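K.L.:
mind looking at a prediction? Sequence and model below.
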Number of protein chains: 2
Amino acid sequence: MTHPRYTELAQSLPASVPFVGPEAQERAQGRRFDARLGANESVFGPSPRAIAAMQAAAAEAWMYGDPTNFDLKEALAAHHGITPDALTVGEGIDGLLGVLVRLLIAPGDTVVTSDGAYPTFNYHVAGFGGQLVKVPYRDDHEDPDALVAAAIEHKAKLVYLANPDNPMGTWLPAKRITAMLAALPEGCLLCLDEAYADFAPTQAIPPLDTTDPRLVRMRTFSKAYGMAGARVGYAIGAPELVQSFDKVRNHFGVNRIAQAGALAALGDQGWMDKVRADVATARDEIGAIAARHGLRALPSATNFVAVDCGAEGDFARKVLAGLVSRGVFARMPFVAPQDRCIRVSAGRPEDLAHFKAALGPALADARST
Amino acid sequence: MTHPRYTELAQSLPASVPFVGPEAQERAQGRRFDARLGANESVFGPSPRAIAAMQAAAAEAWMYGDPTNFDLKEALAAHHGITPDALTVGEGIDGLLGVLVRLLIAPGDTVVTSDGAYPTFNYHVAGFGGQLVKVPYRDDHEDPDALVAAAIEHKAKLVYLANPDNPMGTWLPAKRITAMLAALPEGCLLCLDEAYADFAPTQAIPPLDTTDPRLVRMRTFSKAYGMAGARVGYAIGAPELVQSFDKVRNHFGVNRIAQAGALAALGDQGWMDKVRADVATARDEIGAIAARHGLRALPSATNFVAVDCGAEGDFARKVLAGLVSRGVFARMPFVAPQDRCIRVSAGRPEDLAHFKAALGPALADARST
């Protein structure tokens, strides 16, 4: 018998995965987490209207969803004041990033990102054989000047920037993005990941100009809308670009229940306002808990807070392990110097009480080993 | 300004889509379909237990689904009597086919299928630059001998076969599949699409041998389980092969509500039995309606029936148009000679009443033009 003949590229890829989910950690530990604060999910939940819409749609799950996501695109277009042809909907930003990379990147093509930015983007670039060039963060912010310089030097086809940033929670003003676009080399596309845009100050968000072929923006129902498990994201860009997704995407890939939920969630901006307020309260509380232990919380324009543990990455990794072993799911940046921090998602008071109870012992353990 | 630089492959791809959804047809016609019998969805719906599980999971949609699909894989493994490492779960068979093709097919690699078989498979092959070789059906069945001969002649890496077949509803005995495997050339993988396996006679299903690296089998919750909108499919094969999906798949791509629904659906095999009985009744009724108009229904091992309209494809296309314009969503095979048929999904009595009412006038119209 013979094994299948994989492509050269597939053979070269590692079996590694971008993220280990909390369920795998729970199985390994033999207990459930008391607080789920590691994946920047919104524990405040989806809008009650979205929940009701999904419950109503459950009995209709025998039907495929509309492959064009027509109703959702119409509603999103109205919400953003753009035309539906400047939108495409996909299985979360993760799915959309995969399609985008596939359309642009062939083996050997260069892509620029920040060292320590979103691993799943890097996963897709590697998965299509792209060459990743990484530039360092600057003062815990992604650095547009360095990204542009690397794009010019390496003739990059694609540059990735998250604003607000994950995992640090920092943000750049819109005028820096606009200036960056103007400085990009010919034929280089900026992928602006705005997963956390709904939490950001308005000054962080460039105007939506869907005539600009240099820019594609990623948005999601996973964060402020509280629907990470639904897998609905969307890309905004020039119609020619976003419609090219139709050439390769999984047309029936978006869950029908999720389509109904996203539509209802979009229609309940009051819920979003409540979530924003809850998140602001939670960020303050995370900062206060950190300060009580002499740690500094970075200012955040997202639904999570990076807490500087004040030492090298090895120390922060011990603190994180101490939180996890005490029932608090959290994560941390992967690379130095950002990995001096742990990253804690906004939670309800009862979630943050677990964090509060676990942080002291976790720090004590980390300091004693 | 410059447009993004697409890959050569992406530039070469057409903007066409594998299927137009019924919602797009409804929008074009300005009315809803009275009967939705075109996509082999199960109008009998998901198990009530699956609906209840999805409704309960809706409020938990703020959490990402388990990226390993652990619980579902464990349950599927127990159900099929295999080990979980011989399974991978994805966003429907469509999503899994895309991953499979991506792992095996680089530009110029050859893939063999039947002319008129599943268009979405062909879409993925084209999307990765593969060269499709198509062999004709033989007496409304896919033809293993022709598929093997073409695989040998063209040194194919991958062969696609659906059993039972879509769009004809016919089936091959398991021993033909087993013989086909033995005859495949070195390094050629058989993708056996068993989306309709739950409706097939047991003699159609080869034993599950997950040590065989020449075979990968696709199963789904979209058909007999009545959860097309949930987007949950799975592949069964040698662990080395199915685990390689982890190298490139969208790890968080499966909807959390869908995971809960699939798990509950799997646990309610009594519902599946009821659906099988309802489908058998519906097939008989479709056959009876066809016979009343002098048309022949092909024997079916699926939840749909191909009805031979007794003339060339142009005639069947007119009949189909007549059904669609009368509120009955149906489809038909794309290529000759199979396109002498229309394809009607099993429905409830009230759905088939619409088909019954529309078929006579549709035939009369087709005969008069």
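P.N.:
It's in.
K.L.:
let's check: the centremost residue of chain A is which one?
P.N.:
A:A195 (5.2 Å; Cα atoms, centre = their mean).
K.L.:
what strand or helix carries that one?
P.N.:
For A:A195, there is no enclosing helix or strand under DSSP states H and E.
K.L.:
now it. Nearest residue, chain neighbours left out?
P.N.:
A:T220 (4.9 Å; Cβ to Cβ, 6 or more residues apart in numbering or on different chains). All C-beta atoms are positioned from the backbone trio N, CA, C, and that covers glycine.
K.L.:
with A:H3 instead?
P.N.:
Counting by Cβ to Cβ, 6+ apart, the residue nearest A:H3 is B:P213, at 4.7 Å.
K.L.:
surely the one you found is within a helix?
P.N.:
No. B:P213 is assigned coil when assessed by DSSP: H, G, I helix; E, B strand; the rest coil, not a helix.
K.L.:
on the pLDDT front, check it for me.
P.N.:
At B:P213, the predicted lDDT confidence score is 94.
K.L.:
and A:T2, by the same measure?
P.N.:
61.
K.L.:
check A:T369 too.
P.N.:
pLDDT at A:T369 comes out at 85.
K.L.:
ok, it - contacts?
P.N.:
By Cβ atoms under 8 Å, 6 or more residues apart in numbering or on different chains, the residues touching A:T369 are A:K318.
K.L.:
re the thing from before, chain B versus the residue nearest to the centre of chain A, what's the distance?
P.N.:
13 Å (Cβ to the nearest Cβ, to the nearest Å).
K.L.:
hmm, that residue is touching A:F221, no?
P.N.:
No. Using Cβ atoms under 8 Å, A:A195 is not in contact with A:F221; the gap is 10.0 Å.
K.L.:
so what's in contact with those two at the same time?
P.N.:
A:G233.
K.L.:
which strands and helices lie in contact with the top helix by length along chain A?
P.N.:
For chain A, the longest helix by residue count, based on DSSP state H, is helix A:269-292. Packing partners of helix A:269-292 (3 or more Cβ pairs under 8 Å, 6 or more residues apart in numbering or on different chains; DSSP states H and E): helix A:48-58, strand A:296-297, strand A:304-308, helix A:349-368.
K.L.:
what's it in contact with?
P.N.:
A:42, A:44, A:46-50, A:198-199, A:224-226, A:265, A:296-297, A:300, A:303, A:305, A:307, A:344, A:346-349, A:352, A:355-356, A:359.
K.L.:
ok, and of those, which contact chain B?
P.N.:
A:42, A:44, A:46, A:50, A:226 (Cβ under 8 Å from any Cβ of the partner chain).
K.L.:
show me the residues you listed that map onto strands.
P.N.:
Among these, no member falls in strands (DSSP state E).
K.L.:
what subset of those is buried?
P.N.:
With burial judged by 16 or more other Cβ atoms under 10 Å in any protein chain shown, the buried subset of these is A:42, A:44, A:46, A:50, A:226.
K.L.:
gap between A:G95 and A:L9?
P.N.:
Distance, A:G95 to A:L9, using Cβ to Cβ, to the nearest Å: 20 Å.
K.L.:
show me where the stretch 101-250 of chain A has helices.
P.N.:
With DSSP state H, counting those that start in this stretch as the criterion, the stretch 101-250 of chain A has helices at A:119-127, A:144-153, A:174-183, A:239-244.
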